[in-house]
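Novice: Have a look at this prediction, sequence included:
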Protein chains: 2
Amino acid sequence: MIETKWLSAAERSTWVKFTAVLELLPAALDLQLSRDEALTHFEYFTLAMLSEAPNRVLRTSALAARTNATLPRLSRVVTHLESASLVKRSPCSEDRRATNVELTEAGWQKVVAAAPGHVAAVRRLVIDALTPTQVENLSEIFTVVLKQLDPDGRMLASDSEADGRR
Amino acid sequence: MIETKWLSAAERSTWVKFTAVLELLPAALDLQLSRDEALTHFEYFTLAMLSEAPNRVLRTSALAARTNATLPRLSRVVTHLESASLVKRSPCSEDRRATNVELTEAGWQKVVAAAPGHVAAVRRLVIDALTPTQVENLSEIFTVVLKQLDPDGRMLASDSEADGRR
DNA sequence: TATCGAAACTTGCAGATACAACCAACCCCG
DNA sequence: CGGGGTTGGTTGTATCTGCAAGTTTCGATA
């Protein structure tokens, strides 16, 4: 049995706030998007990832990696988005096991329409309350934290990789 | 229609990391606790809030405020914890509408047993990767953010208030 | 003190998610 | 070229959570 190294007062104070943010921020983001756009934050994020992909198409598993969703979760969300005509599934020509998920024109319009309100919420809840220095500090802090949480950087791969296309 | 003020490159970069942390950290905390202690992070947090309360008792609604849970959610979690004999419900003598939730001895032992592993996870995933200056910066940043998310400071009321007893 | 609106839960119902089981297609190696 | 293990994706089942409705009690007011 290893001796526990408890948190210092400063560390505890920071952690209490961290857990509060973890609990409240996702709910606040979901609230704005579901109220104004009838989308969950996860659905919006999924559409946004697609909108940034080459040709606005990704394979299901590539999309799952970018959104950090399990495959079952993403599959059901795509089913739901598809029934709203925001995305379209099609078989992948290179690998017949795979499915491509493509943003429809309506899906693109939805992202375009939803983005301003979402950005406004992000500003109101987080960014605008911080100084530029704090924004920079926060970026460095999360970079370090993400090294622990996501060593492979799956969630930040939107720009660097070239797989998962067509 | 108001002109949208988009995020700068630095702001966007910070926000992308923030959303990644929001998605990954709760899952990581849940994973450790459910693997090692058969508790969700929310259940652990609920027990922890009770363990810090005077006499280890809180009214259901006071406990809900401290954990940021809706009443229905907390009610069901308490039912579950009660069936595991970790907490005990009893009618409140002052207000017969209200229910007191009390940590049992077994519940206290559970918190004591689970805390080291949880703290270790918090250290491994977050705290130990940061410098003391970063911990301090993060505290200030979250203080500001929480002013937007939780203006009444409900989630940080563990020490300041005197209501919700017995 | 009778009544009416609010508060403190609890429960019914519907949607979301995880895990596991499943099927189909792929790839490698004998 | 024929398994055998692996990968890509979907679906069954159980749990969790939110919203809304229902019940009891409270408190203020007429």
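Specialist: Perfect, thanks for sending it.

Novice: for the longest helix seen in chain A, packing partners?
Specialist: When chain A is scanned for its longest helix (criterion: DSSP state H), the result is helix A:9-37. Here helix A:9-37 touches helix A:41-52, helix A:105-125, helix B:9-37, helix B:132-149, going by 3 or more Cβ pairs under 8 Å, 6 or more residues apart in numbering or on different chains; DSSP states H and E. C-beta here means a position set from N, CA and C on the backbone, and glycine is covered the same way.

Novice: Could you give me the buried positions within the third one?
Specialist: It stands for helix B:9-37. Under the neighbour-count criterion of 16 or more other Cβ atoms under 10 Å in any protein chain shown, helix B:9-37 has B:11, B:13-26, B:28-30, B:32-33, B:37 buried.

Novice: check contacts around the closest residue to A:Leu39 other than its chain neighbours.
Specialist: Closest residue in space to A:Leu39, ignoring its immediate chain neighbours: A:Leu33 at 4.8 Å, by Cβ to Cβ, 6 or more residues apart in numbering or on different chains. Neighbouring residues of A:Leu33 by Cβ atoms under 8 Å, 6 or more residues apart in numbering or on different chains: A:39-41, A:43-44, A:114, A:117-118, A:121.

Novice: Go ahead and confirm A:Val87 touches A:Trp108.
Specialist: No - contact criterion Cβ atoms under 8 Å: A:Val87 and A:Trp108 do not qualify, at 10.2 Å.

Novice: The two: who's more crowded?
Specialist: Remark: of A:Val87 and A:Trp108, A:Val87 carries more neighbours, 28 against 15, as counted by other Cβ atoms under 10 Å in any protein chain shown.

Novice: The more buried one bridge partners, please.
Specialist: In this structure, A:Val87 has the following beta-bridge partners (DSSP bridges): A:Leu103.

Novice: per-residue pLDDT, the residue nearest to A:Leu39?
Specialist: Note for A:Leu33: predicted pLDDT of 96.

Novice: quick revisit: and which of the contacts of A:Leu33 is nearest B:Ile2?
Specialist: A:Gly117 (10.4 Å; Cβ to Cβ).

Novice: so how far is DNA strand D from that closest one?
Specialist: A:Gly117 sits 18 Å away from DNA strand D, going by Cβ to the nearest atom of the strand, to the nearest Å.

Novice: okay, the residue nearest to that residue when sequence neighbours are not counted: pLDDT?
Specialist: Taking Cβ to Cβ, 6+ apart, and ignoring the residues beside it in sequence, A:Gly117 has A:Asp36 as its nearest neighbour in space, at 5.0 Å. Predicted confidence (pLDDT) at A:Asp36: the value is 94.

Novice: now A:Met155
Specialist: Value for A:Met155, per-residue pLDDT: 71.

Novice: wait, is it part of a helix?
Specialist: Yes - according to DSSP: H, G, I helix; E, B strand; the rest coil, A:Met155 belongs to a helix.

Novice: my guess is it meets B:Phe18, correct?
Specialist: No - the pair A:Met155 and B:Phe18 fails to qualify as a contact (Cβ under 8 Å) at a distance of 11.2 Å.

Novice: how near is the residue nearest to A:Glu102 when sequence neighbours are not counted to DNA strand D?
Specialist: Leaving out its chain neighbours, the residue that sits closest to A:Glu102 by Cβ to Cβ, 6+ apart is A:Val57, at 4.5 Å. Taking Cβ to the nearest atom of the strand as the criterion, A:Val57 is separated from DNA strand D by 11 Å.

Novice: For A:Val57, give its distance to A:Leu103.
Specialist: A:Val57 sits 8 Å away from A:Leu103 when distances are taken as Cβ to Cβ, to the nearest Å.

Novice: A:Lys147 too?
Specialist: If you measure A:Lys147 against A:Leu103 using Cβ to Cβ, the figure is 31 Å.

Novice: Neighbour count: those two, which is higher?
Specialist: Under the criterion of other Cβ under 10 Å, the comparison of A:Lys147 against A:Leu103 puts A:Leu103 first, with 26 against 11.

Novice: ok, A:Ser85 - contacts?
Specialist: Contact criterion Cβ under 8 Å, 6+ apart gives A:104, A:106-107 as the residues in contact with A:Ser85.
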